[in-house]
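A.B. asks: Generate a structure from the sequence data that follows.
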Amino acid sequence: MILDATTLSLVEGLVFLTTGATFILGTVLGRTTAVGRVWSAAFAVGILAVMCFGVSGIIEGNLRTINAIGCAAFSAAIAIMWSGCRVANGRGSLAWVAAIAASAAGPVVYLDDPAYGQWAGSLPFFLLVAVLAALVAVETLRGRLLHDSNASALTAIFAFAALFYLVRAAVVAIVGVRSPIFLDWFGSITTSMVVIVLILVAGISMSALRNTLPSEADDKDTSGSGIPGIAGPALFDQQLRDWLRRARIDRSPLMLSLIEVDDLDHLTAVFGREFGDLAILAVGRAACESSPIGSVVGQVASRRFAVISVVADARRVADDIQNALVDRPLDSVTGIRAVATIGAATTVEAGYREPDLIAAAQAALDLAIAGVAAQTPPAQAVTD
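C.D. replies: Sure, this is the predicted structure:
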């Protein structure tokens, strides 16, 4: 069976509509997060783009206005996805970039020679999409997203999209939009298949990320986490940078501990969301109460906490946290208890650069999760 451009355009629109509507409903009906709201806006704008492209590809005639709106909406959708990734990393959204992207793409397409039809303004449009997709891929390799496995697929698919649109732009610049090379290999059919894969992978990855990031209110109150004495992601990241800056001056050794709530998905599936939230709360309180005096405790993801402190015995801190969890069951009747895994790294081995210290602590946590109880420079893996 040979798929024609019209059929693939309809399939593309259906996939985008289904994925986008599912994501938006999940954001509205589920646990609201700032990231979810931004990405929902991206999907809504993306649906508009696909609808315009579908009409432009199916109906004969000069539809440069609809095509221009579609290109503007598509560029804005990717820019908004990038803004969402920045929010996920605790950075400013820079939402105005989406407005600039839309303002640039629309007029360029509309004012180009109408004789090019649906390919009017394709060269600058392809370059713009390539740049925006590359920005998304790069942002997923920073901050919080760098250490979240759910972002890996997002990195891969947007890196591929950036490369694909960059090659499309190069082909257009060399042979033009009417060349069989462009139409056969980089035309509507190929692009529709790429966009379908992009939407499916992005929808799944973003849904997983939305559910693992702190809620929208996390960065707005004093603590930012909803748990007294525990900072939210943005505040903790600020404190971590400040601690490292001051410690670097007088070479004071610091320790960064990452604390992951174990079996949260299983606990939620078996006993319900309430028990999952109680487990997160229990681990957060245990981390806050068992950390060395003067430490800063933060909730950096929905199931992960971090502690920055002066160098201490990582094993003792881990034991104190585990003992606190054992002493406080989530339910007095069933005796269900929260379980946590801890990884720690110090500036003595990892240095005072924030990315290096976080990477070392993450490596220690990965070892601990894998069940390896060892002390591996530049980090300490702590397990039960």
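A.B. asks: what secondary structure does residue 338 sit in?
C.D. replies: coil (DSSP: H, G, I helix; E, B strand; the rest coil).
A.B. asks: which residues does it contact?
C.D. replies: Neighbouring residues of residue 338 by CB atoms under 8 Å, 6 or more residues apart in numbering: 261, 262, 278, 279, 280, 282, 283, 286, 325, 330. Where you see a C-beta, it was placed from the backbone N, CA and C, and this is true even at glycine.
A.B. asks: export these to TSV and tack on distance to residue 251 and pLDDT?
C.D. replies: Converted to TSV, those look like this (distance: CB to CB, whole Å; pLDDT from 0 to 100):
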residue	distance to residue 251	pLDDT
261	34	88
262	35	86
278	41	84
279	38	85
280	36	86
282	36	87
283	32	88
286	31	88
325	35	82
330	42	74
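A.B. asks: Just flag the most distant two among the residues you listed.
C.D. replies: Largest separation among the contacts of residue 338 by CB to CB: 262 and 278, giving 14.1 Å.
A.B. asks: hang on, the earlier thing: in strands only, show me the contacts of residue 338.
C.D. replies: If you go by DSSP state E, the contacts of residue 338 have residue 261 in strands.
A.B. asks: PyMOL command for the buried members of the contacts of residue 338?
C.D. replies: Buried subset of the contacts of residue 338, written as a PyMOL selection, criterion 16 or more other CB atoms under 10 Å:
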select buried, resi 261+262+278+279+280+282+283+286+325+330
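A.B. asks: Narrow the contacts of residue 338 to those in helices?
C.D. replies: In helices, defined here by DSSP state H, the members of these are 278, 279, 280, 282, 283, 286, 325.
A.B. asks: can you redo those residues as a markdown table with distance to residue 78?
C.D. replies: Formatted as a markdown table, these follow (distance: CB to CB, whole Å):
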| residue | distance to residue 78 |
| --- | --- |
| 278 | 39 |
| 279 | 36 |
| 280 | 33 |
| 282 | 40 |
| 283 | 36 |
| 286 | 41 |
| 325 | 43 |
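A.B. asks: Looking at the one helix or strand residue 358 maps to now, give me its mean pLDDT.
C.D. replies: Following DSSP states H and E, one finds residue 358 within helix 354-369. Over the span of helix 354-369, the pLDDT mean works out to 89.
A.B. asks: tally of neighbours for the residue nearest to residue 98 when sequence neighbours are not counted?
C.D. replies: Nearest residue to residue 98, sequence neighbours excluded (CB to CB, 6 or more residues apart in numbering): residue 79, at 3.8 Å. If you count neighbours by other CB atoms under 10 Å, residue 79 ends up with 29.
A.B. asks: Confirm that residue 79 sits in a helix.
C.D. replies: Yes - under three-state DSSP, residue 79 falls within a helix.
A.B. asks: What's the separation between it and residue 172?
C.D. replies: In this view, residue 79 and residue 172 are 22 Å apart by CB to CB, to the nearest Å.
A.B. asks: contacts for the one helix or strand residue 308 maps to?
C.D. replies: Under the criterion of DSSP H and E, residue 308 resides in strand 304-310. Strand 304-310 is contacted from outside by 230, 236, 239-240, 243, 252-261, 283-284, 287, 291-292, 294-300, 317, 361, using CB under 8 Å, 6+ apart.
A.B. asks: where does it sit relative to the chain's centre, distance-wise?
C.D. replies: Centre-to-centre, strand 304-310 and its host chain are 22 Å apart (CA atoms, centre = their mean, to the nearest Å).
A.B. asks: So which bits of that strand are buried?
C.D. replies: For strand 304-310, burial by neighbour count (16+ other CB under 10 Å) applies to 304, 305, 306, 307, 308, 309.
A.B. asks: cool, and stretch 193-203?
C.D. replies: Buried residues in stretch 193-203, defined by neighbour count with 16+ other CB under 10 Å: 194, 195, 196, 198, 199, 201, 202, 203.
A.B. asks: got it, and stretch 84-92?
C.D. replies: So for stretch 84-92, counting by 16+ other CB under 10 Å, buried means 84, 85, 86, 87, 88, 89, 90, 91.
A.B. asks: Just the terminal-to-terminal distance for it.
C.D. replies: The straight-line separation of the ends of stretch 84-92 (CA to CA, to the nearest Å) is 9 Å.
A.B. asks: Quick check: residue 278 vs residue 34, distance?
C.D. replies: As judged by CB to CB, residue 278 and residue 34 stand 24 Å apart.
A.B. asks: Just name the shakiest helix or strand of the chain by mean pLDDT.
C.D. replies: In the chain, no helix or strand scores lower on mean pLDDT, DSSP states H and E than strand 375-376, which sits at a mean of 40.
A.B. asks: how close does residue 357 get to residue 72?
C.D. replies: From residue 357 to residue 72 the distance is 42 Å (CB to CB).
A.B. asks: angle of the helix holding residue 358 against strand 304-310?
C.D. replies: Interaxial angle, helix 354-369 versus strand 304-310 (axes from the mean of the first three to the mean of the last three CA atoms, to 10 degrees): 120 degrees.
A.B. asks: tell me which residues in helix 354-369 are buried?
C.D. replies: For helix 354-369, a neighbour-count test (16+ other CB under 10 Å) marks 354, 356-368 as buried.
A.B. asks: can you check stretch 10-23 too?
C.D. replies: When burial is assessed from 16+ other CB under 10 Å, stretch 10-23 yields the following buried residues: 12, 13, 15, 16, 17, 19, 20, 23.
A.B. asks: and the nearest residue to residue 15 once chain neighbours are set aside, what is it in contact with?
C.D. replies: The shortest distance from residue 15 to any non-neighbouring residue, by CB to CB, 6+ apart, is to residue 196 (5.2 Å). For residue 196, the contact set (CB under 8 Å, 6+ apart) comprises 8, 11, 12, 15.
A.B. asks: Turn the residues you listed into a markdown table, including secondary structure.
C.D. replies: Below are the contacts of residue 196 laid out as a markdown table (three-state DSSP):
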| residue | secondary structure |
| --- | --- |
| 8 | helix |
| 11 | helix |
| 12 | helix |
| 15 | helix |
